[in-house]
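S.K.: Sharing a model prediction with you, sequence too.
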Amino acid sequence: MGVLFYVIGRRLWRLSRERNLVTPVELLAVHYQSAALGLLAVAVSVLFLLPYLAIQMIGVGRLLEGATAGTIPYLWGTVLLLAVTVLYSELGGMRAVAWTDALQGSLFFLVFYLTAALFVAREWGSVGALFQAVAERQPALFSIPGPRGYFTHATLISLFILIVGMPLTQPQLAVRFFVARSEGTLRRMTVASATFATLIVVPALLLGLGGAALFPGLASGDLILSTIVSRTLAPPLAGLVVCAVVAAAMSTVDSQVLVLGSLLAKDGYAPLTGEWDEARLLRVARVAMAACMLGAFLIALRPVPLIIQLSLLSFAGTLQLAPAYLGALFWPWATREGAIASVLVGVATLALGQWVLPAAW
């Protein structure tokens with residue numbers, strides 16, 4: 001992902017300067033000279049980013065409820081994230097998001113590593129002892145396809161494609177290429193993002209495996225962190241962990257909702273109405289941001305057993321824009337008809353495999 005991050009990101013950055021582009025969807029509309037493709041891309045982006053927004057609310061709601069033994073109900077946790085994120089995203093815009101993301105990401109990274117280290121030291125004594133306990137109690141966690149048979153080789157290959165494609169097809173990531181100050185900034189961002197994404201797996205691995213061995217029989221794997229927080233950590237550290245996770249969720253939500261508001265205003269509302277006044281579009285964007293957060297909140301009211309299901313659906317949905325983006329970036333023979341067809345056929349195939357065929361079987 002780091003390699004493609006730079007190869008694709010540099011190309012997007014240069015095109016954004018050459019053509020005065022603000023959003024990735026605008027690239028499709030301008031390159032293919034097709035307002036219909038732009039509107040289609042907006043619809044796909046919004047449709048499949050709302051579940052990703054809901055993930056953050058579900059995660060925070062479950063963590064707060066579990067860590068406080070129900071003192072803060074699930075609903076209150078989701079409302080808290082909704083209210084705070086809408087407030088500072090509406091008031092601060094992209095600069096506020098950039099600064100808060102940097103601070104929140106740093107807090108999450110440091111606290112996550114501290115929590116994993118203390119958890120391993122207190123409960124297991126060493127990483128080797130943790131792995132030995134997992135091998136004895138739940139050995140299927142160390143094998144493919146895993147204890148529930150989910151992680152087959154085909155699934156792992158699919159996950160690889162979904163994750164590698166994220167920097168191009170998830171608009172809240174792709175838009176960061178457009179706002180980079182220079183190519184030097186872009187290179188530093190590439191290295192930092194790839195490094196962070198790799199290192200953050202380590203504490204997740206230790207907490208996930210250790211928690212699964214220590215607390216077997218949990219109703220959902222999403223409950224592991226809240227169970228560790230409430231049962232094994234001292235209250236001050238537990239509170240810090242909750243703050244860090246909420247910060248991480250907010251750092252995801254704010255960039256997503258800001259981009260969604262921009263897409264709906266600049267790439268949706270403006271082409272449909274012919275209204276290009278900046279003040280008017282800003283008001284539309286703010287209303288769209290609040291509406292998207294409300295939509296995600298409604299999804300979060302009926303959470304799925306594992307939030308990873310919603311994230312994979314989001315990645316898979318936006319991935320259907322990849323052929324159109326790649327055509328605009330690298331293939332001079334790409335046509336608007338081919339780009340539109342690629343999106344429609346891709347989304348239809350995803351819907352068929354995700355909902356229609358499983359229901360029929």
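M.R.: Okay, I see it. Numbers count the residues shown, from 1 in each chain.

S.K.: Might you calculate how far the longest helix along the chain sits from the centre of the chain?
M.R.: Secondary structure of the chain per DSSP state H: the longest helix is helix 74-123. Mean C-alpha position of helix 74-123 versus that of the full chain (C-alpha atoms, centre = their mean, to the nearest Å) differs by 14 Å.

S.K.: Can you classify residue 146 by secondary structure?
M.R.: coil (DSSP: H, G, I helix; E, B strand; the rest coil).

S.K.: my guess is it meets residue 138, correct?
M.R.: No: the pair residue 146 and residue 138 does not pass the contact test of C-beta atoms under 8 Å, sitting 9.9 Å apart. All C-beta spots, glycine's among them, are computed from the backbone N, C-alpha and C.

S.K.: List the buried residues in the following helix or strand past the longest helix of the chain.
M.R.: Past helix 74-123, further along toward the C-terminus, the next helix or strand under DSSP states H and E is helix 127-137. By neighbour count on 16 or more other C-beta atoms under 10 Å, the buried set for helix 127-137 is 127, 130-131, 133-134.

S.K.: Next: stretch 349-357.
M.R.: Buried-residue list, stretch 349-357, by 16+ other C-beta under 10 Å: residue 350.

S.K.: Could you measure from the nearest residue to residue 74 once chain neighbours are set aside over to residue 122?
M.R.: In space, and not counting its chain neighbours, residue 74 is closest to residue 61: 4.2 Å by C-beta to C-beta, 6 or more residues apart in numbering. Distance of residue 61 to residue 122, given as C-beta to C-beta, to the nearest Å: 27 Å.

S.K.: out of those two, which sits in the more crowded spot?
M.R.: residue 61 (24 against 11; other C-beta atoms under 10 Å).

S.K.: Hmm, residue 78 and that one touching each other?
M.R.: Yes: applying C-beta under 8 Å, one finds residue 61 in contact with residue 78, separated by 4.3 Å.

S.K.: Now for these two: what residues contact both?
M.R.: Common neighbours of residue 61 and residue 78, using C-beta atoms under 8 Å, 6 or more residues apart in numbering, are residue 300.

S.K.: tell me what the longest helix of the chain is packed against?
M.R.: On a contact count with 3 or more C-beta pairs under 8 Å, 6 or more residues apart in numbering; DSSP states H and E, helix 74-123 meets helix 35-67, helix 127-137, helix 183-199, helix 201-214, helix 224-232, helix 235-262, helix 278-300.

S.K.: now the protein, which segments are flagged as low pLDDT?
M.R.: 88-97, 305-306, 359-361 (pLDDT under 70).

S.K.: how about the spatially most central residue of it, what does it touch?
M.R.: Residue closest to the average C-alpha location in the chain (C-alpha atoms, centre = their mean): residue 52, at 5.7 Å. Applying C-beta under 8 Å, 6+ apart to residue 52 gives the contacts 170, 252, 256, 310-311, 314.

S.K.: Among those, which one has the most neighbours?
M.R.: In terms of neighbour count, residue 256 stands highest of those at 28 neighbours, by other C-beta under 10 Å.

S.K.: Going by secondary structure, the residue nearest to it when sequence neighbours are not counted is in what exactly?
M.R.: Leaving aside its sequence neighbours, residue 256 sits nearest to residue 172 (C-beta to C-beta, 6+ apart; 4.5 Å). Here residue 172, judged by DSSP H and E, is contained in helix 171-179.
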